[in-house]
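Peer 1: Whatever this is, show me its structure:
(one chain, ligands or ions: 1)
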Amino acid sequence: MKILILGATGFVGSYLMERAIAAGHEVAGTHYHATVDTRDWMGFADRLTRCDIRYREQTDAVIAKTRPDVVYLLSAQSYPALSWSAPSETLETNVVGTANVFESIRAAKIDPVVVVACSSAQYGEVSPDAVPVKESHPMHPLHPYGVSKVATEMLALQYWSNYRLRTVCARIFNTTGPRKTGDVCADFTYRAARIEAGQIPPALHVGNLETHRAITDVRDLARALELLADRGAPGEVYNVSGSRTYQIREIVDLIQAAAKTPFSLEVDQALLRPSDEKVIFGDSSRLVAATGWKQEISLAQTVGDMLAYWRAQLAAGAQA
Ligand SMILES: Nc1nc2c(ncn2[C@@H]2O[C@H](COP(=O)(O)OP(=O)(O)O[C@H]3O[C@H](CO)[C@@H](O)[C@H](O)[C@@H]3O)[C@@H](O)[C@H]2O)c(=O)[nH]1
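Peer 2: Take a look at the predicted model:
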């Protein structure tokens, strides 16, 4: 099968790339910014093409060259916080870019399945009595990134209903794992690894520990996306969420249990946010019913693997 991963050097894309190659598919990927440490997989550089999806001639070129059976559309400005300082770029990449990809597919007269990365950010703040949130819940995004993903998804659904372009939308909830930077698990495990390495004093800086998140390991997410490519219904939307929530405090406990050096906690005011969703938790039963997906990797294993990743990175002299 010919697989094209748009955004192959991003966090999720890098895992899909590795898995698709290991499964023996004919795989091509695109990159724009390398947001992950690419040293461990740039052996696949010959499969990568640079593509800025904001430019139609670039999406035309990559689609015409690869003529894929399956497309994973992961290229995006994917940082909610950055979307406040770069709203236009966020919308251009995530909305105009999505339209460009769809138009390039139509122009190439091919009929691939297109798995589209959408986001739990589309829901915005959900009251605790409405979780786990279902796909039918109204969308009230809190930032331009969330707005962009609502539009991405609407385009995907429209291209299915108007042109029978086989789009399958995955509303992706908090996902983490080795190579992730900037989320709570990555920040905490990086700091714990630095404490172990003696680079900082044994006090873990933390922000708000009271919120709750359902967190999926990126390897489980990659499997969910593959299953959606295979068994998802075109024109349908699927939550991909962890099956239970953790209070952030519990994540600290898991890291404390896995760390080699004990540490105390220090609340850092700079890490507290002006607004912070109390709980983010999705109902994945539609995904489970359609594909049989289930989470296989525990959060304890995920944070253990992330610690191991940071230890190796620090030993190699890298920074988060
Ligand atoms: N990143 C981070 N978060 C911390 C820290 N200490 C506490 N937290 C808390 O840990 C929780 C999870 O934060 P993140 O992992 O950064 O993710 P998020 O804010 O829940 O989720 C983002 O992604 C979602 C899914 O895409 C989006 O829906 C959401 O809008 C948001 O942008 C938040 O309540 C945050 O305040 C820290 O040192 N670093």
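Peer 1: got the contact list for residue 91?
Peer 2: Contacts for residue 91 (C-beta atoms under 8 Å, 6 or more residues apart in numbering) come out as 144, 147-148, 151. Every C-beta, even on glycine, is put in place using the N, C-alpha and C of the backbone.
Peer 1: Is it within a helix or a strand, and which one?
Peer 2: Following DSSP states H and E, one finds residue 91 within helix 87-91.
Peer 1: Show the average pLDDT along that helix.
Peer 2: Taken as a whole, helix 87-91 has a mean pLDDT of 98.
Peer 1: Restrict the contacts of residue 91 to those that also contact the ligand, please.
Peer 2: Contacts with the ligand are made by none of the contacts of residue 91, judged by C-beta under 6 Å from any ligand atom.
Peer 1: Might you specify the subset of the residues you listed located within helices?
Peer 2: 144, 147-148, 151 (DSSP state H).
Peer 1: quick check: domain ranges of this protein?
Peer 2: 2-175+217-240, 177-213+244-280+297-315 (automatic domain parsing).
Peer 1: measure the shortest one end to end?
Peer 2: This means domain 177-213+244-280+297-315. 19 Å (C-alpha to C-alpha, to the nearest Å).
Peer 1: Run a quick neighbour tally on residue 81.
Peer 2: Neighbour count for residue 81, taken as other C-beta atoms under 10 Å: 10.
Peer 1: Apologies, that question was intended for residue 113.
Peer 2: 18.
Peer 1: can you pull the pLDDT of the nearest residue to residue 260 once chain neighbours are set aside?
Peer 2: Distances taken as C-beta to C-beta, 6 or more residues apart in numbering place residue 196 nearest to residue 260, at 5.0 Å, with adjacent residues excluded. At residue 196, the model reports a pLDDT of 98.
Peer 1: quick one: contacts for residue 196?
Peer 2: Neighbouring residues of residue 196 by C-beta under 8 Å, 6+ apart: 259-261, 311.
Peer 1: which of those residues are close to the ligand?
Peer 2: Okay, of the contacts of residue 196, nothing touches the ligand (C-beta under 6 Å from any ligand atom).
Peer 1: which of those residues sit farthest apart?
Peer 2: Pairwise distances across the contacts of residue 196 peak at 11.2 Å for 261 and 311 (criterion: C-beta to C-beta).
Peer 1: Compare these two (neighbour count), which wins?
Peer 2: residue 311 (17 against 12).
Peer 1: which element is that one on?
Peer 2: helix 299-315.
Peer 1: which bits of the stretch 201-320 of the chain sit near the ligand?
Peer 2: Within the stretch 201-320 of the chain, the residues that sit near the ligand (C-beta under 6 Å from any ligand atom) are 206-208, 211, 213, 248, 271, 273, 276, 280.
Peer 1: again, 5 Å this time
Peer 2: Residues of the stretch 201-320 of the chain that fall close to the ligand, judged by C-beta under 5 Å from any ligand atom: 206-208, 211, 248, 271, 276.
Peer 1: would you turn these into a markdown table with pLDDT and secondary structure?
Peer 2: As requested, those are arranged in a markdown table below (pLDDT from 0 to 100; DSSP: H, G, I helix; E, B strand; the rest coil):
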| residue | pLDDT | secondary structure |
| --- | --- | --- |
| 206 | 98 | strand |
| 207 | 97 | coil |
| 208 | 97 | coil |
| 211 | 97 | coil |
| 248 | 98 | helix |
| 271 | 96 | helix |
| 276 | 90 | coil |
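Peer 1: Which ChimeraX command selects the buried ones in the residues you listed?
Peer 2: A single ChimeraX command selects the buried members of these (16 or more other C-beta atoms under 10 Å):
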select :206,207,211,248
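Peer 1: Serialize the ones in helices among the contacts of residue 91 to a markdown table and add fields for distance to residue 201.
Peer 2: Below are the ones in helices among the contacts of residue 91 laid out as a markdown table (distance: C-beta to C-beta, whole Å):
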| residue | distance to residue 201 |
| --- | --- |
| 144 | 38 |
| 147 | 41 |
| 148 | 40 |
| 151 | 45 |
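Peer 1: Turn the residues you listed into a markdown table, columns for neighbour count and distance to residue 101.
Peer 2: Listed next are these as a markdown table, based on neighbours: other C-beta atoms under 10 Å; distance: C-beta to C-beta, whole Å:
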| residue | neighbour count | distance to residue 101 |
| --- | --- | --- |
| 144 | 21 | 20 |
| 147 | 21 | 19 |
| 148 | 30 | 14 |
| 151 | 18 | 14 |
